[in-house]
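Novice: model this:
(one chain, ligands or ions: 1)
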Amino acid sequence: MNRTGQWGEPGTSVGDAGLPHLDMFDPAGSDGVRTQVAALHHDGHWVAHSDLWPIVIAYDDVKALWGDARFATIGASLLEAQGITSGPLYDRSMRNLLSLEGEAHRRIRRLVSPAFTPRSVAGLRPAMRTYLERKLEHFGPIGHFELMHDIAEEYPIVIIAGIVGAPPDEWHRFSAWAEAIMKQFSFNLAVDLPEIEAALDDMEAYIAELIEARRAEPADHLLSMLVAAEDDGDRLSNRELLDLVIGLLLAGTDTTRNQLGLGMMWFARNPDQWDRLATDPGSIAPAVEEVVRFDPTASGTIRVALEDVTHRGVTFPAGSMVYLLAAGANHDPDVVTCPHAFDVSADRGSFTPLTFGTGRHYCLGANLARAELQEAFGALAPRLRNLRLDGDPVLKPFMSIYGPSELRLAFDPA
Ligand code: HEM
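Specialist: Residues are numbered from 1 along each chain as shown. Below you'll find the predicted structure:
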């Protein structure tokens, strides 16, 4: 089906609409997917088909379906697909903020959103700067590092540890728990389930102690705000606080570190733009917007149709899944001028990338992620002069939290 609706009658089932193919497992990663999507956009397509699902690629359609209440988030569908339909991991997954809908979801968002405003998040910026300064003192004179291992792996976890009031040097424990728990997305639960549930139990016990400590003695960080969060007499229960903190840790670490890796990769490939950041602090915030637009670490999201949904003459049958490709929407030439140029100085007008989603499930941590990226580019740009790649980046598969698993960078020693 193309944008003018030339193919198929209104209501043609998406499986019968003769959609063009889009290879989401392109060995060239996001470069390869972008090239395919550019050709599809050029031919006027708004939806394609991968081996797994229909993929929506046009900005207006991705945005409309992402916010459409006739589609639900994926909930525990990936667990169910692996035969897990009950038990601790399943229950926790159903209590995840992203799995909640309706009033249950709105209630939690109302209670926690004040803790994630730009103003609240600004209180974490000094901790970000302190961390980055310490790293720069160490690596600045050396003149090279492997970004992912030496900085990106640790950086967001140290900040989240700060949010919950854990000592920064405990980040290794958080990292190990997060790594184990993220194995639930690796389609190997028959083997991994005991390790995942043990990590969840350990993390939960640890965070329960921190919550108790904050109840007894409020402190100046986000966990205290969450403990005290109240709306019209309503408060978060202990269970909800635990679920939320675990959810934040899982949602906020791998995403941010990979987005940082992708940004640094593009700056190393475009040194003139990196130099601009060093001399013009006002360019940092727009640069972060361009990084998340150009190469999003979360390429999109899956939605499940709750009923037969007909959109632009194509019907998504009840129960079927659809992938909404933010990475495609962000390059739609109908809404972005020169979409394929990585250009931190481009005037993109009122365009908003869909990298953090849209609608009721819009990323709760978007302000935090933006602050982390801004602080990172702001600290690194003036210090890493003559930035360059020190070998080819090693990239993860596109259909994951996408980014470099290895990014060797070189620069002039300070
Ligand atoms: C570059 C970094 C990040 C990216 C690209 C990202 C992306 C996203 C996207 C696309 C969604 C919507 C998913 C959907 O609708 O299916 C989302 C939701 C969410 N994100 Fe992020 N995220 C990032 C960082 C963070 C951080 C730092 C946190 C918190 C510490 C966080 C917490 C959440 C939570 C709790 C949700 C669920 C919101 C809800 O269901 O109401 N994210 N994120």
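Novice: C-alpha only now, for contacts and for neighbours.
Specialist: OK.
Novice: what's the helix or strand of the chain with the lowest mean pLDDT in contact with?
Specialist: The weakest-scoring helix or strand in the chain, judged by mean pLDDT, DSSP states H and E, is strand 230-231 (a mean of 70). Contacts of strand 230-231 with the rest of the structure, by Cα atoms under 8 Å, 6 or more residues apart in numbering, involve 110-111, 236.
Novice: Any chance of JSON lines for the residues you listed, columns pLDDT and distance to the ligand?
Specialist: Converted to JSON lines, the contacts of strand 230-231 look like this (pLDDT from 0 to 100; distance: Cα to the nearest ligand atom, whole Å):
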{"residue": "Arg110", "pLDDT": "91", "distance to the ligand": "10"}
{"residue": "Leu111", "pLDDT": "89", "distance to the ligand": "12"}
{"residue": "Leu236", "pLDDT": "86", "distance to the ligand": "15"}
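Novice: Out of those, list just those in helices.
Specialist: If you go by DSSP state H, the contacts of strand 230-231 have 110-111 in helices.
Novice: now the contacts of strand 230-231 as TSV including neighbour count and distance to Ala199?
Specialist: Below are the contacts of strand 230-231 laid out as TSV (neighbours: other Cα atoms under 10 Å; distance: Cα to Cα, whole Å):
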residue	neighbour count	distance to Ala199
Arg110	12	29
Leu111	20	27
Leu236	19	23
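Novice: between the contacts of strand 230-231, which is closest to Gly123?
Specialist: Leu111 (18.8 Å; Cα to Cα).
Novice: pretty sure that closest one contacts Val227?
Specialist: No: with contact defined as Cα atoms under 8 Å, Leu111 does not reach Val227; the gap is 10.0 Å.
Novice: anything in contact with each of the two?
Specialist: Contacts common to Leu111 and Val227, judged by Cα under 8 Å, 6+ apart, are Leu236.
Novice: Could you list the low-pLDDT ranges of this structure?
Specialist: Residue ranges of the chain with pLDDT under 70: 1-10.
Novice: How about the residues of this protein by the ligand?
Specialist: 73, 97-98, 247-248, 251-252, 255-256, 259, 297-298, 301, 355-357, 361-366, 368-369 (Cα under 6 Å from any ligand atom).
Novice: Would you write a PyMOL line that selects the buried entries of those residues?
Specialist: Of those, the buried ones go into a single PyMOL selection, burial set by 16 or more other Cα atoms under 10 Å:
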select buried, resi 73+97+98+247+248+251+252+255+256+259+297+298+301+355+356+357+361+363+364+365+366+368+369
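Novice: now, which of the residues of the chain next to the ligand lie within helices?
Specialist: Counted as lying in helices by DSSP H, out of the residues of the chain next to the ligand, are 247-248, 251-252, 255-256, 259, 366, 368-369.
Novice: Quickly find the element holding Leu324.
Specialist: strand 321-325 (DSSP states H and E).
Novice: what's that strand in contact with?
Specialist: 53-57, 62, 65-66, 299-305, 316.
Novice: before we move on, what about stretch 59-66?
Specialist: Under Cα under 8 Å, 6+ apart, the answer for stretch 59-66 is 46, 56, 71, 303, 324-326, 328-330, 332, 335, 354, 357-359.
Novice: just checking, Lys183 touches Asp192?
Specialist: Yes: counting by Cα under 8 Å, Asp192 is a contact partner of Lys183 at 6.8 Å.
Novice: What is the burial count for Ala287?
Specialist: Neighbours of Ala287 under the rule other Cα atoms under 10 Å: 25.
Novice: check contacts around the residue nearest to Ser299 when sequence neighbours are not counted.
Specialist: Leaving out its chain neighbours, the residue that sits closest to Ser299 by Cα to Cα, 6 or more residues apart in numbering is Ala327, at 5.0 Å. Ala327 is in contact with 34, 293-296, 299-300, 354-355, counting by Cα under 8 Å, 6+ apart.
Novice: which element is Ala327 on?
Specialist: helix 326-329.
Novice: what comes up buried for the lengthiest helix in the chain?
Specialist: Using DSSP H, we find that the single longest helix of the chain is helix 189-216. Buried residues in helix 189-216, counting neighbours by 16+ other Cα under 10 Å, are found at 189, 193, 195-197, 199-200, 203-204, 207-208, 210-211, 214.
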